[in-house]
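Q: Provided below for reference: sequence and predicted model.
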There are 4 protein chains.
Amino acid sequence: MTNRATAITGVTLIDGTGRQPITPATVVFEGDRIIAAGREADVVLPPEATLVDGVGKWLIPGFVNGNVHLLDAWMFMIGPGTIEYLARWEGRFVEVIEEAAQLVLRNGVTTVFDTYNAVDHVLAARDRINAGTSQGARIFAAGAIVGMGGPFSADFHFAGRRAASQSFVNRIDEAFEAGVGHQLSTLPRAEVRARVRDYLARGVDLLKIAVSDHIFMNVGFDRSYQTFSREVLDVIVEEARYAEVPVLTHSLSVESLDTSVQLGADVLIHANYTMGQPYPHELVDRIAASDSWAELQTIHADHTKGLEAAGNWAAQLGGGAYAENERVLIGANAKIIMGTDAGCPSVDHLADLTPAERDDRPWTIGGDHFHWTQSMVEKGMSTLEAISAATLNVAKAYRKDELIGSVEVGKIADLVLLDASPVDDIRNLRAINTVFQGGRAVDRESLPTQALVTAHPRAIG
Amino acid sequence: MTNRATAITGVTLIDGTGRQPITPATVVFEGDRIIAAGREADVVLPPEATLVDGVGKWLIPGFVNGNVHLLDAWMFMIGPGTIEYLARWEGRFVEVIEEAAQLVLRNGVTTVFDTYNAVDHVLAARDRINAGTSQGARIFAAGAIVGMGGPFSADFHFAGRRAASQSFVNRIDEAFEAGVGHQLSTLPRAEVRARVRDYLARGVDLLKIAVSDHIFMNVGFDRSYQTFSREVLDVIVEEARYAEVPVLTHSLSVESLDTSVQLGADVLIHANYTMGQPYPHELVDRIAASDSWAELQTIHADHTKGLEAAGNWAAQLGGGAYAENERVLIGANAKIIMGTDAGCPSVDHLADLTPAERDDRPWTIGGDHFHWTQSMVEKGMSTLEAISAATLNVAKAYRKDELIGSVEVGKIADLVLLDASPVDDIRNLRAINTVFQGGRAVDRESLPTQALVTAHPRAIG
Amino acid sequence: MTNRATAITGVTLIDGTGRQPITPATVVFEGDRIIAAGREADVVLPPEATLVDGVGKWLIPGFVNGNVHLLDAWMFMIGPGTIEYLARWEGRFVEVIEEAAQLVLRNGVTTVFDTYNAVDHVLAARDRINAGTSQGARIFAAGAIVGMGGPFSADFHFAGRRAASQSFVNRIDEAFEAGVGHQLSTLPRAEVRARVRDYLARGVDLLKIAVSDHIFMNVGFDRSYQTFSREVLDVIVEEARYAEVPVLTHSLSVESLDTSVQLGADVLIHANYTMGQPYPHELVDRIAASDSWAELQTIHADHTKGLEAAGNWAAQLGGGAYAENERVLIGANAKIIMGTDAGCPSVDHLADLTPAERDDRPWTIGGDHFHWTQSMVEKGMSTLEAISAATLNVAKAYRKDELIGSVEVGKIADLVLLDASPVDDIRNLRAINTVFQGGRAVDRESLPTQALVTAHPRAIG
Amino acid sequence: MTNRATAITGVTLIDGTGRQPITPATVVFEGDRIIAAGREADVVLPPEATLVDGVGKWLIPGFVNGNVHLLDAWMFMIGPGTIEYLARWEGRFVEVIEEAAQLVLRNGVTTVFDTYNAVDHVLAARDRINAGTSQGARIFAAGAIVGMGGPFSADFHFAGRRAASQSFVNRIDEAFEAGVGHQLSTLPRAEVRARVRDYLARGVDLLKIAVSDHIFMNVGFDRSYQTFSREVLDVIVEEARYAEVPVLTHSLSVESLDTSVQLGADVLIHANYTMGQPYPHELVDRIAASDSWAELQTIHADHTKGLEAAGNWAAQLGGGAYAENERVLIGANAKIIMGTDAGCPSVDHLADLTPAERDDRPWTIGGDHFHWTQSMVEKGMSTLEAISAATLNVAKAYRKDELIGSVEVGKIADLVLLDASPVDDIRNLRAINTVFQGGRAVDRESLPTQALVTAHPRAIG
């Protein structure tokens, strides 16, 4: 961090709080913190401040993605690709996570919440980035999902168990499950409590609970179970509260979503995923009245059409009750945050897709947040609301709003300077001029510093 | 029914209530009812009564099996065999059910509770037997299991969906699901209520609820989910209470068993099946203190050894926590009833087994109740307790004890006369001399009247 | 058979030999034989002959199908459906074969060559029809295919082996393999000779040899093997010649077709099936110069489009090198016969298809010969050539032309009377007025006398 | 290479030709060549020769393995493990091949014939070792097998095609097939000739032909096809002769072995693999009378027992007709060479095995040649014959006996010095004191110079 202050002047400021844009505005930061932000006329420039000319530009907070997976990508982890990806990069998982965190940062996302990953590896990458040993978006990590299995369990690529060495599949599953995997569903509550307590002691930032199961890809889209009894869920939440980490819930049905709201979850992951069932009215009211933040996953209309044309099963997620649920929650003024479930797929896997599936893909990091904000505006948000949902709301949901999420005095100087107005057209969020993270301009062109997953298929040597 | 009374005299009476045997005793029945039962000295023989010399014999109530499946057999329905069996007998399901009911009756079981079957077909067979149009053990039927799928769903032979015509698999699944299958797990509670209400209107005798899932064979033995939220379960139980039918629960874990007890289920099906987890102490207390009857499924030591030698996965069900749970509930004086989950497998499927797996198989109707009583004595019951568990207790659990289950005045004259003492050796229950059902001696040799499933493999013609 | 002669007068006669139509013509038959056929003016009517007014009608020989499978249908036997079909009808195979033979006869096919079937059952049906005990098209049968496995082998529905009882699958496979199945490919030539000799002693009418394998559905369309070494093939053909039965070859590649021609096969089954490879020129010359008859399988353009629209893999068989091979052989004046590989699929399986796949399906008996003749004209045959290919040529190929195939004196009176001219439009072969088999008018409406496979899906009972 | 001569004196010399041991003997080499070898008394030591004291030691030629696969290992390539192995090492195949070549050399094998591998990579490794850029056993390579598919084809791990990205599986298959894969089986002979000619132009040292198929693991052990017609085989052999490379045949049945002998193959790979059929007598005579060398694969009795105990299907290869065929060929004085089909499996895969399967495994490089020679002596060879079969015979079979295979003047100085007598006990071949390759003592402890495949499972990082 530099000691001299930096001032962006003459800019149109969209501060992430939902307030109307201020123009002309000046934002000043020193070290990693914002020390002034407001109407140009109201801000006194520090002497010797480095000036950045913001005239004709727009300044927003750094994006915060409330749901990513920096290792691998769920669309491929639930199917073929799991063995190949994990075997290829085993031994280098931390590097791969950092590569993903850099690709994200390159595109203006200064903080991510990683909600499922190899536990030790994501924590190691988090710590390395925090320590400045490595570069990338700031990471807060859940590690395992309580009650969910690893990549080779029935929650993901179950068939893969029989297509690789057992030593390998067991080692990988353990890395993701960390003792709180799907086997917890068979245990009595006292045992679950002990396991979760041990798990929290690893130092994760969040606790994600599989309120409903995740085996639909293996047993069909027409069933959805509750992983735990209500008593067990209460036990798990108690432990999280005791450890003072936010609680995330994974739910795939209206009833498990309802249960999640009852549990007082901080974040309802993919709250619009209800196995194609529209929300009952009472549930909408309960969500809107609750303190829970709904993370919605969304696909914009163009991409949905592309998925349909390719016969991709995921096309259904872009319409029907899924999209309707998004509209209903927006209409009900529910608290909504951005999350994309995006990951970093291999070049080979992307090559298997049709262009319509691959281009502007909502589950590939780098562009996922652009896709999300665009789709949310389609579903009824104002552009300002979409920006807040992708910045300050995520910070609030995860109780990190003391530090990040808006352009306000005292916060970390995570900023994105744009060349075009995102208020006029939300797609202008893509027009990034400069990304500042912790008060420093990011050398975007240099990222990722090491291309592994995103390198072109190597001539095999 | 004959109008003349019949009197069995000089017999040792074990009346099913758990009382000590009475000897010499006389039991008199007229029409289908018992009109006297007690010490020989206390009973006045009606004039013209037909006398049956019971000297040197033992008289017990007809067996009542609390859990059978008269069509197919679960061990084969969860795996290969489903298509073959159901395609072969489609169009003749009622006949096959009657064949099974006759094999059961031949071996002294005068009443069965069928807890999963093709709904219309089991009800038709029930009605035909009740009307005297056909012969067989008296049937009370649950039909579908609320929340569980049909034979080709992920609850059973999921792979079978891709190995037969879709017209066929869908038709079969619908016959077993009747609108209350696994799709219910995705629906909100109001919709579940409507579906269950419609289902009960079909005239089933029992309502069985899948409190936990049944997909372990497809996704592994190390997970077990709850099918429904607690709110949905309450809704389902409410509907059953309103319709005045007993509630059965299917559970496979300690937590789902706990939930089942909380729901006030009348019968806890395979209460000892807990995915290999021993009961927590509090759960044992809760079961013992509850009004619920625990149906235990048991494998005796000899057969368990045979399964082990054959490498059959089911061997685990005969030992470990499964057997320990049986012993614990017996020791805690919990209310226990016989249920075997037995069905009527095809000759071909039995031929695939080793002799050690096939002989005295606990899941093949005909001998399953002998196996059960023998195994329960191994696990700690007295012989008299085992007999009560296999007769009056079942009737009580299902609230049919006004009619059946014991040798008491006013009850239906379902009786089994034995040539050897089951008190001395529980295996003597196999020494059947005569079976009376509704006051009539059963022509055991004539059963089944038509061998379909149990006919020897036909030379293909 | 009636003793009085029947005379069809004033008809346009297409006698099957390829000669130009004769009109007005008279054809007279007595008992089962034709006793006169020619220009009306040249034929003296026997006294008391029953007269059939043929004015405005066309008379052709009964159709002869050179390649059918009266039990099941290959398109379903290579995939899901095998277990279901065979389990459902086991014990009634002879009846099912007769049902198929009757459906065929109803549509004017008076003789079929069944080239793969359950051996004992097809021979029993053949004998019953020959003896007049049953009704149906006259059957000549190959039974097993030398070197090919049964329905549950890797040649067909291999996955089915694991989805049914082993007792069942082994029994079925043995019924089709009869000791000369795929295991022959592992044996030395002396052992193959002994097995084939034993097989021929069963009294089959034809010997069909798998010159190439049939496992493409299980291992992919991009490989095709030779089942046997040349020495073994020579041994097999020697045995067939010694037994005086015609030799059929199954080949799927240009090289195995070449080998088949070298072997002097009487019939080259699906000679146009070459894994998408066009014939080398020399091979066309060799075929044309040989004594072998090429059985071609063909799909007309309309149906091919329907298959394409449905994404059905079989669409490729209707175009590309497959269709080109047909055209080339027609152009080269090779000896061509009709064969369709058609079978009698279940109603359930047909229900799984789209209408475009199901309607006028080339592999469903009943209409297959209409499809074939129409498609051959599309590919370049004249209508008269197509009729000869579907009648006399087949008889010649199988050396049955002394008895059947044309409307000539001395031949069996197998005749089809049409209401419209097939010379003008080959599709008029569908305009059947009357079918005569062995001199008797067939009561077409009564066929099949018993609907099993073709009955509508039964409400399951 | 050093310029000073080296002399091993006082040693017992077993020169590989089958001659009786000479003792005391002296062997002298200078540069990479042997310049003297014989009775101590007959050899004049060059002045300044470096002396190696061979008293109490035994000297044999460097081992030559006639059939290895330096990348991966067939036992795992035909099943699970393929994706994992190839994805993990893609980009480093040449290094992995060199690692294997070093492990082999460390154990006294100075030359190997690699008969199936990624074509470019094995040739690159060969060239690097020849050029001295890398170290390892001298490699002669066949690359692809004509008519056989790649690792993800039906010849090997077919199921793997659906468990990885298509980009990856296609890239890998192409690397192994190089245009002469299984698709050749569908092509006419002229096209096959062109493809083989192109393939030979790549500079492979050997041409291996799949005379029979290799799909038994996917379709069952009870069938074996011929990949090509005899005409196509002749074409392929012609091309190999023209290019002056030795011809190897892959056969799995008595008939395909017979065909291979007829073709005049130089080496009959796994000639004892006949799908469990004993050789017909005539075939034994034909082999013995031919110029072909039989490569036998063998499992010694102890290991066979271990495989049996573990229920490993490969146990059958150690007994029955497989072992009997070995004995018969030995008894018939057929020309026999060592080949093991061994590869370099990953630590993970070996960890999946039981100790009995893993220890002294015949298919793991490093000890495979010790296993082979031990087993051959069990089957009837004298110890001297076994040593010749593992050295000079292989060189002769592949026409490299001008250079290698025996301890004779003019040959390359590939030598193994032993501490115990292999004549007394063949297991003493394991008692290696020193390995000389091309006249240089190998630093065995330093090999492999880089452990990739053989490194212990990494803590995932």
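A: Looks like it arrived, so ask away.
Q: strands of the stretch 51-200 of chain A, start to end?
A: Counting by DSSP state E, counting those that start in this stretch, the stretch 51-200 of chain A has strands at residues A:58-61, A:63-68, A:109-114, A:138-141, A:145-146.
Q: in terms of secondary structure, what does the shortest one contact?
A: In terms of contact count using 3 or more CB pairs under 8 Å, 6 or more residues apart in numbering or on different chains; DSSP states H and E, strand A:145-146 is assigned the packing partners strand A:207-210. In this view, the C-beta of every residue, glycine as well, is placed from N, C-alpha and C.
Q: give me the contact list for the strand it packs on.
A: Strand A:207-210 has contacts (CB atoms under 8 Å, 6 or more residues apart in numbering or on different chains) with A:115-116, A:142, A:144-148, A:182, A:196, A:200, A:227-228, A:233, A:236-237, A:239-240, A:243, A:245-250, A:263, A:265, A:269.
Q: what of stretch A:175-184?
A: Applying CB under 8 Å, 6+ apart, the set of residues contacting stretch A:175-184 is A:116-121, A:143-151, A:153-155, A:173, A:192, A:195-196, A:198-199, A:202, A:210, A:227-228, B:222-223, D:460.
Q: for it, output the C-alpha coordinates as PDB.
A: This file holds the C-alpha atoms of stretch A:175-184, laid out as PDB (Å, rounded to 0.1, in the frame of the first residue of the first chain):
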ATOM      1  CA  ALA A 175     -10.500 -33.000   1.100                       C
ATOM      2  CA  PHE A 176     -13.900 -31.600   0.400                       C
ATOM      3  CA  GLU A 177     -15.900 -33.300   3.200                       C
ATOM      4  CA  ALA A 178     -13.600 -32.700   6.100                       C
ATOM      5  CA  GLY A 179     -15.700 -34.900   8.400                       C
ATOM      6  CA  VAL A 180     -19.000 -33.100   7.800                       C
ATOM      7  CA  GLY A 181     -20.100 -34.800   4.600                       C
ATOM      8  CA  HIS A 182     -23.200 -36.700   3.700                       C
ATOM      9  CA  GLN A 183     -22.500 -39.400   6.300                       C
ATOM     10  CA  LEU A 184     -23.800 -36.800   8.800                       C
END
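Q: quick check: phi and psi on residue A:38?
A: Dihedral angles of residue A:38 (phi, psi; degrees, to the nearest 10) stand at phi 160, psi -170.
Q: on that earlier part again, just the buried subset of the contacts of stretch A:175-184, written out for ChimeraX, thanks.
A: Typed into ChimeraX, the next command selects the buried ones out of the contacts of stretch A:175-184 (criterion: 16 or more other CB atoms under 10 Å in any protein chain shown):
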select /A:116,117,118,119,120,121,143,144,145,146,147,148,149,150,151,153,154,155,173,192,195,196,199,210,227,228 /B:222,223 /D:460
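Q: dump the residue contacts of residue A:272.
A: Residue A:272 sits next to A:294, A:296-298, A:322-323, A:325-326, A:329 when contact means CB under 8 Å, 6+ apart.
Q: any chance of those residues in JSON lines, plus pLDDT?
A: Converted to JSON lines, these look like this (pLDDT from 0 to 100):
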{"residue": "A:294", "pLDDT": "98"}
{"residue": "A:296", "pLDDT": "98"}
{"residue": "A:297", "pLDDT": "96"}
{"residue": "A:298", "pLDDT": "98"}
{"residue": "A:322", "pLDDT": "97"}
{"residue": "A:323", "pLDDT": "98"}
{"residue": "A:325", "pLDDT": "98"}
{"residue": "A:326", "pLDDT": "98"}
{"residue": "A:329", "pLDDT": "98"}
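Q: now, of those, which are buried?
A: For the contacts of residue A:272, buried by 16+ other CB under 10 Å: A:294, A:296-298, A:322-323, A:325-326, A:329.
Q: contact residues of chain A facing chain D?
A: A:80-81, A:83-85, A:87-88, A:90-94, A:118, A:121, A:157, A:159-160, A:162-168, A:171-172, A:175, A:346-349, A:351-352, A:457-458, A:460-461 (CB under 8 Å from any CB of the partner chain).
Q: from residue A:368, how far off is the residue most central in space within chain A?
A: The centroid of chain A falls nearest to residue A:67 when counting by CA atoms, centre = their mean (2.2 Å). According to CB to CB, to the nearest Å, residue A:67 stands 10 Å off from residue A:368.
Q: can you check residue A:304 too?
A: For residue A:304 relative to residue A:368 (CB to CB), the value is 15 Å.
Q: repeat for residue A:137
A: 12 Å.
Q: what residues are shared contacts of those two?
A: Jointly contacting residue A:137 and residue A:368 under the rule CB under 8 Å, 6+ apart are residue A:65.
Q: quick one: residue A:292 from residue A:392, how far?
A: Applying CB to CB, the value for residue A:292 to residue A:392 is 17 Å.
Q: which stretches of the stretch 51-200 of chain A form helices?
A: Listed in chain order, the helices of the stretch 51-200 of chain A (DSSP state H, counting those that start in this stretch) span A:74-77, A:82-89, A:93-106, A:119-130, A:166-177, A:189-200.
Q: how is chain A carved up into domains?
A: Residue ranges for the domains of chain A, per automatic domain parsing: A:6-61+A:406-444, A:63-397.
Q: please work out which of those domains is packed deepest.
A: Mean neighbour count, computed with mean count of other CB atoms under 10 Å in any protein chain shown, is highest for domain A:63-397 among these, reaching a mean of 23.
Q: report the contact partners of the residue in the stretch 1-150 of chain A positioned nearest to chain C.
A: Of all residues in the stretch 1-150 of chain A, the one sitting closest to chain C is residue A:80 (17.2 Å; CB to the nearest CB). Residue A:80 is in contact with A:157, A:160, D:162-165, counting by CB under 8 Å, 6+ apart.
Q: mind doing that once more with 10 Å?
A: Shown in contact with residue A:80 (CB atoms under 10 Å, 6 or more residues apart in numbering or on different chains): A:157, A:159-160, A:163, A:349, A:352, D:83, D:160-166, D:168-169.
Q: one more: residue A:264?
A: Each residue near residue A:264 by CB under 10 Å, 6+ apart is listed here: A:237, A:241, A:247, A:249, A:290-292.
Q: would you agree residue A:408 falls within a strand?
A: No. Counting by DSSP: H, G, I helix; E, B strand; the rest coil, residue A:408 is located in no strand; its state is coil.
Q: wait, it sits on residue A:22?
A: No. Here residue A:408 does not reach residue A:22: they are 11.9 Å apart, not a contact under CB atoms under 10 Å.
Q: which neighbours do the two share?
A: Joint contacts of residue A:408 and residue A:22 (CB under 10 Å, 6+ apart) are A:15, A:37-38.
Q: nothing else from me, thank you.
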